[in-house]
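**Q** My questions concern the predicted model and sequence given below.
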Amino acid sequence: KNEVEQSPQNLTAQEGEFITINCSYSVGISALHWLQQHPGGGIVSLFMLSSGKKKHGRLIATINIQEKHSSLHITASHPRDSAVYICAVRGNNDMRFGAGTRLTVKP
Amino acid sequence: EAQVTQNPRYLITVTGKKLTVTCSQNMNHEYMSWYRQDPGLGLRQIYYSMNVEVTDKGDVPEGYKVSRKEKRNFPLILESPSPNQTSLYFCASSLSWGVETQYFGPGTRLLVL
């Protein structure tokens, strides 16, 4: 079993829909990251969480440390949100990654 | 502009020919790391460095070497590349190892024939 599990693997939505991507982990962490990777390959850090909830524009990330679970929400999705979203957990010195969720938002 | 740069961006080489992928950051970050990304396997950590002259292995260090002689640079060395090292490589840095954001380089796509 992977230490970081994401679901779903693939997600197709219509423009305007509310989207949720989930991440569960089985190891102790100091922080959790949500990353975005566009088709060109570049990776951008969206959020870093150690507790609670963060919001940037239409993106919201939450984490429940006790349940070892995090969610990334996208409100009013747009085709430009199409990308791979990756959950990563930070341990003592290292980073471990989920397999990613490929999101396609259709106009 | 604050950034992490990698060179080269694309490289085709042959088995056994030593190569170095450079990584440089201009943000005075202490922590730097190398990852590889493969289809179906996702991102995996190769090596990381907490500061100058301090490096340690990640999940998949076999076949790779690193050095951290200066704070800004963290080159990845493949002494004798093999086809199973064909991958997309990312360098990343953060201010320190704690609860700071990681900044990723643009990636280096390597093909070993």
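**A** Received the coordinates, thanks. None of the values given here were measured: they were computed from a predicted structure.
**Q** Any idea how far apart the tips of stretch B:66-84 sit?
**A** One end of stretch B:66-84 sits 18 Å from the other (C-alpha to C-alpha, to the nearest Å).
**Q** ok, and the helix or strand in chain A with the lowest average confidence?
**A** Among the secondary structure pieces of chain A, namely its helices and strands, strand A:95-97 has the lowest mean (mean pLDDT, DSSP states H and E), a mean of 90.
**Q** Could you list the low-pLDDT ranges of the chain?
**A** The chain I'm using is chain A. Low-confidence segments of chain A, defined by pLDDT under 70, are located at A:1.
**Q** You answered for a different chain; I wanted chain B.
**A** In the predicted model, chain B carries pLDDT under 70 at residues B:98-99.
**Q** Which residues of it lie near chain A?
**A** Within chain B, the positions adjacent to chain A are B:33, B:35, B:40-45, B:48, B:50, B:56, B:58-59, B:88, B:90, B:92, B:97-104, B:106-107, B:109 by C-beta under 8 Å from any C-beta of the partner chain. (Glycine included, C-beta is placed from N, CA and C.)
**Q** Listing partners with orientation, what would you give for the least confident helix or strand of chain A?
**A** If you go by DSSP bridges, strand A:95-97 pairs up with strand A:83-90 (antiparallel).
**Q** Just give me how far the partner strand sits from the chain centre.
**A** What separates the centre of strand A:83-90 from the centre of its chain is 5 Å, taken as C-alpha atoms, centre = their mean, to the nearest Å.
**Q** Endpoints of stretch A:18-37, how far apart?
**A** For stretch A:18-37, the first-to-last residue distance is 20 Å (C-alpha to C-alpha).
**Q** Briefly note if that stretch comes near chain B.
**A** Yes: using C-beta under 8 Å from any C-beta, stretch A:18-37 comes into contact with chain B via A:30-31, A:33, A:35.
**Q** just the buried members of the residues of chain B next to chain A?
**A** Burial of the residues of chain B next to chain A was assessed by neighbour count (16 or more other C-beta atoms under 10 Å in any protein chain shown); the buried members are B:33, B:35, B:42-45, B:48, B:50, B:58, B:90, B:92, B:97, B:100, B:102-104, B:106-107.
**Q** Can you show me the helices along chain B?
**A** All residues of chain B lie outside helices when identified by DSSP state H.
**Q** Kindly list the longest strand within it.
**A** In chain B, ranked by residue count with DSSP state E as the criterion, the top strand is strand B:42-51.
**Q** now for it, which elements pack on it?
**A** Where contact means 3 or more C-beta pairs under 8 Å, 6 or more residues apart in numbering or on different chains; DSSP states H and E, strand B:42-51 is packed against strand A:83-90, strand A:95-97, strand B:31-38, strand B:54-57, strand B:65-66.
**Q** Adjacent strands (with direction) for the last one?
**A** Strands adjacent to strand B:65-66 in the sheet, as given by DSSP bridges, are strand B:76-78 (antiparallel).
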